[in-house]
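[1] Return a 3D structure for these sequence lines:
(one chain, ligands or ions: 2)
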Amino acid sequence: MNPTSPAAPAAPPETPAPVIATGWMHTARFLTTAPQLHFLPALDVPEIAFVGRSNAGKSTCINTLTQQKQLAYASKKPGRTQHINLFSLGKQGVTDAVLADLPGYGYAAVPKQDKIRWQRVMANYLVTRENLTGVVLLCDPRHGLTELDEILLEVIRPRVEEGLKLLLLLTKADKLTRAEATKALSIGRLQAGGGEVKLFSALKKQGVEEVSQLLWRWAHPDGGAVAPVAQGPAGAGNPAAPN
Ligand SMILES: Nc1nc2c(ncn2[C@@H]2O[C@H](COP(=O)(O)OP(=O)(O)OP(=O)(O)O)[C@@H](O)[C@H]2O)c(=O)[nH]1
Ligand SMILES: [Mg+2]
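    Ligands and ions are numbered 1, 2, ... in the order given. Okay, here's the model as predicted:
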């Protein structure tokens, strides 16, 4: 076979050097916030959603990955994030992907009606958001996957089968012994149904490069070379908040 043949299959997306992926993450800036799905702007760049139980560490993870202290609002008090918050990524004002920080679920003190309403918003988002490219499901392995995490995995399963990317991110890994971390990884691999599993610690900056590289690959399935290019007008040129 001629290796230079134009008919040769396309190479899988290249893994960028860690510095490219972390540099890309560092470009994150606030785009918009929405209390409900229909307030979200329609975008045509890849969107990566951070979901999981309240207090799992979603906002902290976004801050750690983007190397910014307070881009996403993190707090000891569960239920801090109450809107869908979008952050743009890309060089020099050119948005080539968006991160979405979603409110957590399963916080006991939230009134039942609010819980049900939020679960509906979330399920709708995961099923209907057209530019959704990947989901990062954060889970504190000391608690394991909750019933609501399992429901979420069920909800996205058809989309994962059609190519939606999934990462089960085991957070607060600094709280685990080496043996516990190994065990958490193997349990996670059984549960992640088609997705990847990684350990992460905001405290120790564990997993930052690996996760940044993975998200970069999700957002640049064609390789993207060293300098990412915009994939469309992105609607991000209109950062007007809904309210
Ligand atoms: N030890 C440790 N604590 C962490 C880590 N990541 C987050 N936390 C702590 O966990 C708590 C919750 O973090 P958040 O990032 O606000 O959690 P969240 O998932 O965004 O929570 P909601 O917005 O309520 O859904 C905070 O007190 C963080 O400091 C970590 O890697 N290690
Ligand atoms: Mg949060």
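[2] The residue of the chain found nearest ligand 1: how many residues sit nearby?
    At 2.3 Å from ligand 1, residue 104 is the closest residue in the chain, using CB to the nearest ligand atom. All C-beta spots, glycine's among them, are computed from the backbone N, C-alpha and C. By the criterion of other CB atoms under 10 Å, residue 104 has 26 neighbours.
[3] Report pLDDT for residue 10.
    The model reports residue 10 with a pLDDT of 52.
[4] what lines up beside the longest strand that the chain contains in the sheet?
    Assignment by DSSP state E gives strand 132-139 as the longest strand of the chain. Applying DSSP bridges to the sheet, strand 132-139 is found paired with strand 47-52 (parallel), strand 165-170 (parallel).
[5] and of these, who's closest to ligand 2?
    strand 47-52 (8.3 Å; CB to the ion).
[6] Tell me how far the helix or strand following the closest one lies from the chain's centre.
    On the C-terminal side of strand 47-52, the closest following helix or strand by DSSP states H and E is helix 58-66. Put simply, helix 58-66 sits 10 Å off its chain's centre (CA atoms, centre = their mean, to the nearest Å).
[7] how big is the angle separating the helix or strand that helix 58-66 is followed by from helix 58-66?
    Downstream of helix 58-66, the next assigned helix or strand under DSSP H and E is strand 84-89. For strand 84-89 against helix 58-66, the angle by axes from the mean of the first three to the mean of the last three CA atoms, to 10 degrees is 0 degrees.
[8] so, in contact with ligand 2 or not, strand 84-89?
    No. Strand 84-89 is not in contact with ligand 2 by CB under 5 Å from the ion; minimum separation 8.5 Å.
[9] Show me the contact partners of the helix or strand bottoming out on mean pLDDT in the chain.
    Using mean pLDDT, DSSP states H and E, helix 112-128 stands out as the lowest-scoring helix or strand of the chain, at a mean of 85. With contact meaning CB atoms under 8 Å, 6 or more residues apart in numbering, helix 112-128 is reached by 36-37, 40, 49, 51, 84, 102-103, 105, 110, 132, 135, 148, 152, 155-156, 159.
[10] Filter the residues you listed down to just the ones in strands.
    Cross-referencing the contacts of helix 112-128 against strands under DSSP E gives 49, 51, 84, 132, 135.
[11] For residue 218, give me its contacts.
    The contact partners of residue 218, taken as CB under 8 Å, 6+ apart, are 46, 48, 133-134, 165.
[12] go with 10 Å
    13, 46, 48, 97, 133-136, 164-167 (CB atoms under 10 Å, 6 or more residues apart in numbering).
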